[in-house]
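K.L.:
Okay, structure incoming, though there's no sequence with it:
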């Protein structure tokens with residue numbers, strides 16, 4: 001049976017020792033009273049909830065799945081899901097980072113992301129229900145009218161109502177400019193009637209909350225074609241009666257689930273086909289500006305999906321490491337290590353260690369990166385200095401596609417690598433590893449495939465602003481290199497970091513010049529380019545973590561905490577074994593579009 005232990009020691013290391021997050025956040029008046037004890041208590045209690053409430057129903061939820069009743073058009077979630085959701089809401093977890101004005105706790109996004117990581121490790125399918133509700137809350141907070149905020153936000157913050165994002169349709173996939181769902185004005189009270197069909201709607205129908213708030217993209221009658229003609233509407237499952245926080249559910253709206261998808265993984269989450277038949281909705285934001293508004297939720301979801309990859313990476317590593325220390329098979333090539341046993345534990349074998357260290361290095365590097373991005377979200381919204389807010393916003397924009405694609409690529413690859421550690425036992429359901437592999441696969445696909453994230457990074461986030469945001473991150477890298485330059489013990493970390501930084505700068509200029517002549521050159525290089533920049537980011541954070549570990553080892557003398565020894569060893573593994581992957585990707589990115597585009601379509 002699979003198990004999960006919240007990685008609290010590493011989480012606290014990142015929050016307090018690497019990011020010094022509490023002191024950084026206290027510069028914002030909103031977090032002036034935040035202290036380390038409060039942060040630690042949130043991490044510990046949320047970790048306990050994930051380990052005790054969510055992990056035990058993960059495998060059973062996968063086996064049972066969601067059940068759709070065609071007569072009532074209702075979806076029943078797996079056994080235990082509703083009880084866990086009720087406990088989650090009763091503890092106030094849904095509103096952890098929400099505004100106190102609407103019933104939230106007003107705590108940092110950083111702590112929310114750490115909680116998300118643990119939820120996704122423990123039970124990704126379940127965690128998607130409250131995760132989408134958070135996204136709906138954030139969108140309505142930015143773009144809703146005051147009346148809409150008063151009505152919906154308290155219900156979303158409490159978890160009494162849940163949320164979804166209804167974007168795509170069967171014929172358009174990611175190309176939302178092709179969507180056909182229509183919205184027509186209905187009277188003079190601001191209502192609209194929506195008709196259309198949506199697919200792949202996560203959490204689109206369920207029995208957890210009393211109402212579901214659908215955020216739906218649709219076209220007005222006079223809308224221009226393409227993405228410039230998309231508007232956003234709030235379409236609740238039950239029409240609200242009354243105003244503000246006292247509102248209650250009324251009549252059933254003409255929106256329903258037409259069926260659920262039978263899919264590879266995340267069986268405990270209802271992935272729905274949603275049918276709108278003259279459903280009542282209200283415009284959110286400006287007409288024909290719906291896609292811009294929806295990007296609040298989409299970008300939040302992309303960050304969340306990246307953390308899903310991190311969560312599955314971590315839990316796969318934990319189970320593979322435990323198995324490798326317990327499973328005996330074969331003897332060490334350098335002589336028996338457990339002579340009293342019939343064979344040695346497989347962790348003595350170099351290749352098993354390589355697989356485990358790969359998963360560990362990507363999980364710990366991904367944690368530092370994801371938590372830093374969450375910290376930037378807090379600074380972007382609440383720091384009093386405008387330059388700090390701008391830098392944080394630039395980093396959020398630049399790094400969102402990297403968080404989404406790099407962390408989910410790593411998460412899936414590490415899940416399969418950890419499955420390999422278990423051998424045949426990894427392929428059967430009993431050990432749980434094959435579920436992690438199946439669940440991790442969707443993360444590379446939804447919320448914009450990882451290829452689309454790569455195009456976004458290179459085309460929009462780098463070339464479109466002539467590398468200004470990338471240069472801003474490069475300044476952080478150079479600052480770290482200069483700070484570490486006087487310590488020879490750090491050369492093994494900062495020298496390859498500096499080398500990769502120079503190579504990224506040169507490669508970016510080369511691709512930009514080629515793309516000016518032929519746009520396909522950017523498309524041909526984009527996936528490799530994201531992988532390279534992802535490693536630049538990881539190398540930066542691994543260098544920071546190595547510096548902290550070295551300092552603590554030096555300070556502790558003969559009483560060295562094994563945690564820092566392991567951190568330093570993992571840093572060395574990352575720089576020696578994983579970072580060299582960039583050499584391949586740089587060469588591939590430079591190969592250009594020629595060999596990709598030479599073959600005529602009919603020859604495939």
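P.N.:
On my side now, so go ahead. None of these values were measured; they are calculated from a predicted model.
K.L.:
count of neighbours near residue 543?
P.N.:
Residue 543 is flanked by 24 other residues according to other CB atoms under 10 Å. To be clear about C-beta, it is placed using only N, CA and C from the backbone, and glycine gets the same treatment.
K.L.:
Sorry, wrong one. I was asking about residue 599.
P.N.:
Around residue 599 there are 9 other residues, counting by other CB under 10 Å.
K.L.:
Which phi and psi values does it adopt?
P.N.:
Dihedral pair for residue 599: phi -80, psi 130, per degrees, to the nearest 10.
K.L.:
For residue 31, see how far away it is.
P.N.:
For residue 599, the distance to residue 31 (CB to CB, to the nearest Å) stands at 56 Å.
K.L.:
Return the set of buried residues in stretch 200-216.
P.N.:
Within stretch 200-216, the residues scored as buried using 16 or more other CB atoms under 10 Å are 200-206, 208-209, 211-216.
K.L.:
biggest separation within the residues you listed, which pair?
P.N.:
By the measure CB to CB, 200 and 211 form the most distant pair in the buried residues of stretch 200-216, at 21.5 Å.
K.L.:
where do the strands sit along the chain?
P.N.:
67-69, 74-76, 161-166, 182-185, 191-202, 211-218, 231-236, 238-241, 248-252, 255-260, 271-284 (DSSP state E).
K.L.:
from memory residue 585 sits against residue 528, does it?
P.N.:
Yes. Between residue 585 and residue 528 there is a contact under CB atoms under 8 Å: 4.2 Å.
K.L.:
how many other residues sit next to the closest residue to residue 152 other than its chain neighbours?
P.N.:
Leaving out its chain neighbours, the residue that sits closest to residue 152 by CB to CB, 6 or more residues apart in numbering is residue 140, at 5.4 Å. By the measure other CB under 10 Å, the count of residues near residue 140 is 26.
K.L.:
roughly how far apart are the residue of the chain most remote from its centre and residue 326?
P.N.:
Most distant residue from the mean C-alpha position of the chain: residue 340, 45.4 Å away (CA atoms, centre = their mean). Distance, residue 340 to residue 326, by CB to CB: 15 Å.
K.L.:
and what of residue 205?
P.N.:
Shown here: residue 205 relative to residue 326, a distance of 42 Å by CB to CB.
K.L.:
Residue 347 too?
P.N.:
9 Å.
K.L.:
higher neighbour count, those two?
P.N.:
residue 347 (19 against 10).
K.L.:
what sits against that one?
P.N.:
321, 324, 325, 353, 356 (CB atoms under 8 Å, 6 or more residues apart in numbering).
K.L.:
If you drop the residues flanking it in sequence, what lies closest to the first one?
P.N.:
Translated: residue 321. Counting by CB to CB, 6+ apart, the residue nearest residue 321 is residue 356, at 5.5 Å.
K.L.:
what do you get for residue 300?
P.N.:
In space, residue 300 is closest to residue 135, 4.9 Å off (CB to CB, 6+ apart).
K.L.:
Equivalent analysis for residue 100, please.
P.N.:
residue 106 (4.5 Å).
K.L.:
so who does the one you found touch?
P.N.:
30, 97, 98, 99, 100.
K.L.:
Whichever of those residues end up buried, select them in ChimeraX.
P.N.:
Of these, the buried ones can be selected in ChimeraX as follows, counting by 16+ other CB under 10 Å:
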select :30,97,98,99
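K.L.:
Out of the contacts of residue 106, list just those in helices.
P.N.:
Applying DSSP state H to these, no entry is found in helices.
K.L.:
Distance to residue 4 and pLDDT added to the contacts of residue 106, as JSON lines?
P.N.:
Converted to JSON lines, the contacts of residue 106 look like this (distance: CB to CB, whole Å; pLDDT from 0 to 100):
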{"residue": "30", "distance to residue 4": "32", "pLDDT": "95"}
{"residue": "97", "distance to residue 4": "23", "pLDDT": "97"}
{"residue": "98", "distance to residue 4": "26", "pLDDT": "97"}
{"residue": "99", "distance to residue 4": "31", "pLDDT": "97"}
{"residue": "100", "distance to residue 4": "31", "pLDDT": "96"}
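K.L.:
and the two most separated of the contacts of residue 106?
P.N.:
Longest distance between any two of the contacts of residue 106 is 12.5 Å, between 30 and 98; criterion CB to CB.
K.L.:
In JSON lines: the contacts of residue 106, plus distance to residue 386.
P.N.:
Putting these into JSON lines (distance: CB to CB, whole Å) gives the following:
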{"residue": "30", "distance to residue 386": "16"}
{"residue": "97", "distance to residue 386": "22"}
{"residue": "98", "distance to residue 386": "25"}
{"residue": "99", "distance to residue 386": "21"}
{"residue": "100", "distance to residue 386": "24"}
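K.L.:
What is the nearest of the contacts of residue 106 to residue 521?
P.N.:
Among those, and counting by CB to CB, the member closest to residue 521 is residue 97, at 41.0 Å.
K.L.:
Tell me how many other residues crowd the residue lying closest to that closest one once chain neighbours are set aside.
P.N.:
Spatial nearest neighbour of residue 97, excluding adjacent residues (CB to CB, 6+ apart): residue 112 at 4.1 Å. Residues lying near residue 112 (other CB under 10 Å) number 24.
K.L.:
roughly how far apart are residue 112 and residue 439?
P.N.:
Where residue 439 is concerned, residue 112 sits at a distance of 21 Å (CB to CB).
K.L.:
What of residue 143?
P.N.:
Noted for residue 143: a distance of 31 Å to residue 439, by CB to CB.
K.L.:
Residue 48 now?
P.N.:
Residue 48 is 22 Å from residue 439, by CB to CB.
K.L.:
These two: which has the busier surroundings?
P.N.:
Between residue 48 and residue 439, counted using other CB under 10 Å, residue 439 has the larger neighbour count: 29 against 13.
K.L.:
Quick check: that one touching residue 123?
P.N.:
No. Taking contacts as CB under 8 Å, residue 439 lies outside contact range of residue 123: 9.5 Å.
K.L.:
about what we covered before: got a list of what the residue nearest to residue 97 touches?
P.N.:
Contact analysis of residue 112 by CB under 8 Å, 6+ apart lists 96, 97, 134, 374.
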